[in-house]
Structures are given as structure tokens and as C-alpha cells.
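S.K.: sharing a model that was predicted from the sequence below.
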Amino acid sequence: MTCCARNSNSEASRKHAKRPSRFELGFVIIPRKVSIDASAASWIIEDNRAFYAFLKRELGLPRADACLRVLGGDAVKKLAAALSA
């Protein structure tokens, strides 16, 4: 098998792979990939809320509201729990 054939297969599988939801990305995938204390959950969520509020206000990002909804409510508790696992 050539290198190009491997790349073609991986490109095809990426096209058909399911994109993670905002929730899954923020509360499942990222916590598995980073080593950070659960006590940091509050500032991570607050910084992300500020970032998406900026993107909505200054750039009119259409998906900002959906991102802000994911970061609302009990997002800090969910992220802290995910980082503790």
C-alpha cells in the first residue's frame, strides 16, 4: 500500500465521520486531552463565554448563540466533573 492510498482512505473516512457537537467537544473530548485541575473550570467557561459574546457582537457570528447556550446554565459543574474524571 502506498502512502497516497493511506491518505486517500483517511480523507474519505474523515468526510464520513460525524462532527462532534459543541457539548461533546467542550465537555467530553477536550477534557480527555488536557491535564488541568477541575478548579479551573470556572475561568475556562467564563473566558469562552466572553469570547463567543465578542464574536457575536463584533463579527455577527451566526453560531455564537448556540455556543453561548452550551456554555450557560451548569456548564461550570459539567466541565469540572469532566476534568475530574
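M.R.: Okay, I see it.
S.K.: and stretch 60-68, C-alpha only, in PDB?
M.R.: Taking C-alpha atoms only, stretch 60-68 is exported to PDB below (Å, rounded to 0.1, in the frame of the first residue of the first chain):
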ATOM      1  CA  GLY A  60     -22.000  38.700  14.000                       C
ATOM      2  CA  LEU A  61     -21.000  35.000  14.200                       C
ATOM      3  CA  PRO A  62     -24.200  33.100  13.400                       C
ATOM      4  CA  ARG A  63     -23.400  30.200  15.700                       C
ATOM      5  CA  ALA A  64     -22.400  32.300  18.700                       C
ATOM      6  CA  ASP A  65     -25.800  32.000  20.300                       C
ATOM      7  CA  ALA A  66     -25.600  28.200  20.100                       C
ATOM      8  CA  CYS A  67     -22.200  28.200  21.700                       C
ATOM      9  CA  LEU A  68     -23.300  30.500  24.400                       C
END
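S.K.: buried ones in that stretch?
M.R.: Ala64, Cys67, Leu68 (16 or more other Cβ atoms under 10 Å). C-beta here means a position set from N, CA and C on the backbone, and glycine is covered the same way.
S.K.: so which of these belong to helices?
M.R.: Assigned to helices by DSSP state H, the following of the buried residues of stretch 60-68 qualify: Ala64, Cys67, Leu68.
S.K.: the buried residues of stretch 60-68 into a markdown table, with extra columns for distance to Lys33 and pLDDT?
M.R.: Output for the buried residues of stretch 60-68, formatted as a markdown table (distance: Cβ to Cβ, whole Å; pLDDT from 0 to 100):
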| residue | distance to Lys33 | pLDDT |
| --- | --- | --- |
| Ala64 | 24 | 91 |
| Cys67 | 19 | 88 |
| Leu68 | 23 | 92 |
